[in-house]
Each structure stands twice: as C-alpha cells, then as structure tokens.
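> got a structure for you, letters missing:
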C-alpha cells in the first residue's frame, strides 16, 4: 500500500473475514485490498441480515481508548441527576455543532459529563480566549452552561493556569480532529453532534460494553 500510495500512513494490515480481503488502517481509516494490492476498496461493509455497519464497528474497536487512561483532571465535570453513567467530550466554545449537542445534553439525566476544552483556533480565532476565561471561572460547569445558553462569559481575563495546551496534545494523541468528539465509558471515540436518541443509545451501549469488558478481566 505504501509503495502504491506514497505518503499514506499505513499503521496495520491484517486478514479480514470478508472475501479473502486484507484490512488496512490507511490514513486513520479502514480500507480493504487483495494480497497484491491490485484493487483497494474504500467504503463500508454491511451485514445484510442485521444491517450492521461492520466497518464502522471495527473502526471503533481499533480507535478505542482505555477510559482509565483519560486525564480527567484536564476536564471540568457536570453531573446530571445521580450521574451513574458517564462520557467525556472534546468541545470548542465557538463550535456550532457543540452548541447543538449542548441543547440535547440539557435533556439528559443520570449522567456525568467530563468536558475537555479543545478550541480549534484555525476555525474559531477567539475560541482559546473564551476557553481560558471559562476555565478560570469559579464554577466552570456553570460558566460553560451560561455561555451556551446566554452567550455571556465570566468576568475574568482568562489569565489563570489552564490545561488547554495539554488537552490539545491529548486530542492529537487520540486523533481528535473535530468538535464535538465524544468518548464513552467503553473507550469508544465518536465524532459529531449526535442527536439525543443516538446520544442516549451510545451512552447506554458504552456502559454495557464497559461492564462486559471489566467482567472478562
């Protein structure tokens, strides 16, 4: 693959269970090829009987991170209800998709949300300043919610010590390239502003899978 596609980052190659094809991690996504790399298939393989996207499931498995490895001290915490479920989120205060998911987060219950401030300055030049001002607030969770609800920031200059640079490094290591990006209890990494029903489903799926994985240890 690297010979035929110079500059491409191929991180792994393994035999897939489909049609004698090989699976390759190719520029952070899965592609399929024959042994001689005569053809390369870019796209998803579905199970026709269950309608499951097998490629997506495999990609999530490969991208999974250990929840316990997340440095949650770099995030601020919000607790809804009892907070027994959990997920983490990389978010940018000026990201319109982050605002969309925040509208749905308000409707969640029994969940703890860890938010990593991940301003993308190339898209939102003022995002780092706003993120710093929010982090330097006495109540970060309240400051964040108020900003998304009313557009107002806390009255400070954002000059305290912030984890924003460390969070940027963490995001790069986890291949976070867009906001919001969500990490569920089982370590599944899912980008995008998921609709409320899908968000609830992913939270519950992550909790169930985390328990299943823990039981195997």
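Okay, I see it. Quantities reported herein were computed from a predicted structural model and do not represent experimental measurements.
> please count neighbours and contacts with C-alpha atoms only from this point.
Noted.
> name the helices or strands packed onto the lengthiest helix in the chain?
Using DSSP state H, we find that the single longest helix of the chain is helix 196-216. Applying 3 or more CA pairs under 8 Å, 6 or more residues apart in numbering; DSSP states H and E, we find helix 196-216 packed against strand 85-91, helix 96-105, strand 181-184.
> may I see the buried residues of the longest one?
For helix 96-105, burial by neighbour count (16 or more other CA atoms under 10 Å) applies to 97-99, 101-102, 104-105.
> okay if I get the residues you listed as TSV plus distance to residue 207 and pLDDT?
Output for the buried residues of helix 96-105, formatted as TSV (distance: CA to CA, whole Å; pLDDT from 0 to 100):
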residue	distance to residue 207	pLDDT
97	24	97
98	23	98
99	25	97
101	20	98
102	21	98
104	19	97
105	17	97
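> helices and strands around the helix or strand of the chain with the lowest mean pLDDT, which ones?
Sorting the helices and strands of the chain by mean pLDDT, DSSP states H and E puts helix 54-63 at the bottom, at a mean of 78. For helix 54-63, the elements it packs on are strand 29-33, strand 189-191, judged by 3+ CA pairs under 8 Å, 6+ apart.
> residue 178: which of the ones you listed is closest?
Taking CA to CA, strand 189-191 is the member of these nearest to residue 178, at 6.8 Å.
> could you list the low-confidence segments of this structure?
The model of the chain has pLDDT under 70 over residues 27.
> now do 90
1-45, 47-64, 175, 177, 213-214, 216-217 (pLDDT under 90).
> and this protein, what are its domains?
As assigned by automatic domain parsing, the chain contains the domains 10-63, 67-216.
> most tightly packed of these?
domain 67-216 (a mean of 17; mean count of other CA atoms under 10 Å).
> ends of that domain, how far apart?
16 Å (CA to CA, to the nearest Å).
> what distance separates it from the middle of the whole chain?
Relative to its parent chain, domain 67-216 has a centroid offset of 9 Å by CA atoms, centre = their mean, to the nearest Å.
> quick revisit: any chance of the buried residues of helix 96-105 in JSON lines, with distance to residue 192 too?
Listed next are the buried residues of helix 96-105 as JSON lines, based on distance: CA to CA, whole Å:
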{"residue": "97", "distance to residue 192": "7"}
{"residue": "98", "distance to residue 192": "8"}
{"residue": "99", "distance to residue 192": "12"}
{"residue": "101", "distance to residue 192": "9"}
{"residue": "102", "distance to residue 192": "12"}
{"residue": "104", "distance to residue 192": "13"}
{"residue": "105", "distance to residue 192": "13"}
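> residue 78 - that's part of a strand, no?
Yes - under DSSP: H, G, I helix; E, B strand; the rest coil, residue 78 falls within a strand.
> now it, nearest residue through space, not along the chain?
Counting by CA to CA, 6 or more residues apart in numbering, the nearest residue to residue 78 once its immediate chain neighbours are dropped is residue 113, at 5.2 Å.
> and that neighbour, how far is that from residue 28?
26 Å.
> what's near enough to touch residue 54?
44-47 (CA atoms under 8 Å, 6 or more residues apart in numbering).
> dump those residues into JSON lines; add distance to residue 85 and secondary structure as well.
Output for the contacts of residue 54, formatted as JSON lines (distance: CA to CA, whole Å; DSSP: H, G, I helix; E, B strand; the rest coil):
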{"residue": "44", "distance to residue 85": "30", "secondary structure": "coil"}
{"residue": "45", "distance to residue 85": "31", "secondary structure": "coil"}
{"residue": "46", "distance to residue 85": "30", "secondary structure": "strand"}
{"residue": "47", "distance to residue 85": "30", "secondary structure": "coil"}
